[in-house]
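Participant: return a 3D structure for these sequence lines:
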Amino acid sequence: QVQLSESGGGLVQAGGSLRLSCSASGRYFSNYAIGWFRQAPGKEREFIGAINYSGTRTWHTDSVKGRFAISRDNGVNTVYLQMDSLKPEDTAVYYCGVSGLRETFSQSAFGSWGQGTQVTVSS
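Facilitator: Next up, the predicted model:
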């Protein structure tokens with residue numbers, strides 16, 4: 001079973017960048033798609049992107065397209081979320097989730113969340 005842990009969050013000014021990491025334990029990490037989600041205070045969890053098992057295909061929601069990029073390094077069991085041109089509305093707790101599938105871009109396919117990492121963007 002894959003267990004996930006997010007890191008890399010922090011406080012950044014608008015226009016700045018952060019790179020989040022989603023580190024996994026478990027032998028079969030490279031077999032599964034990973035998704036990134038975020039939850040702002042008082043709002044539902046939002047699906048913002050995903051990457052397939054090999055890293056050859058990604059999907060990003062429109063609100064982050066062109067600013068965020070997901071990648072993975074299966075050699076170190078880690079998926080990354082590079083966030084550039086950050087906006088105050090990107091402020092949220094960011095989570096990664098694992099799917100039992102090699103490739104999916106369906107929000108409902110992901111689960112087994114990590115503890116999340118806080119991203120705060122100041123104006």
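Participant: center of this structure - which residue?
Facilitator: residue 36 (2.8 Å; CA atoms, centre = their mean).
Participant: what sits closest to residue 30 if chain neighbours are left out?
Facilitator: Spatial nearest neighbour of residue 30, excluding adjacent residues (CB to CB, 6 or more residues apart in numbering): residue 74 at 3.9 Å. Quick note: C-beta positions are derived from backbone N, CA and C, even for glycine.
Participant: please read the previous query as pertaining to residue 86.
Facilitator: residue 121 (4.6 Å).
Participant: just confirm that neighbour is within a strand.
Facilitator: Yes: looking at residue 121 with DSSP: H, G, I helix; E, B strand; the rest coil, it is inside a strand.
Participant: doesn't residue 90 make contact with it?
Facilitator: Yes: counting by CB atoms under 8 Å, residue 90 is a contact partner of residue 121 at 5.1 Å.
Participant: low-confidence stretches in this protein?
Facilitator: For the chain, no stretch has pLDDT under 70.
Participant: show me where the chain has its helices.
Facilitator: In the chain, no helices are defined using DSSP state H.
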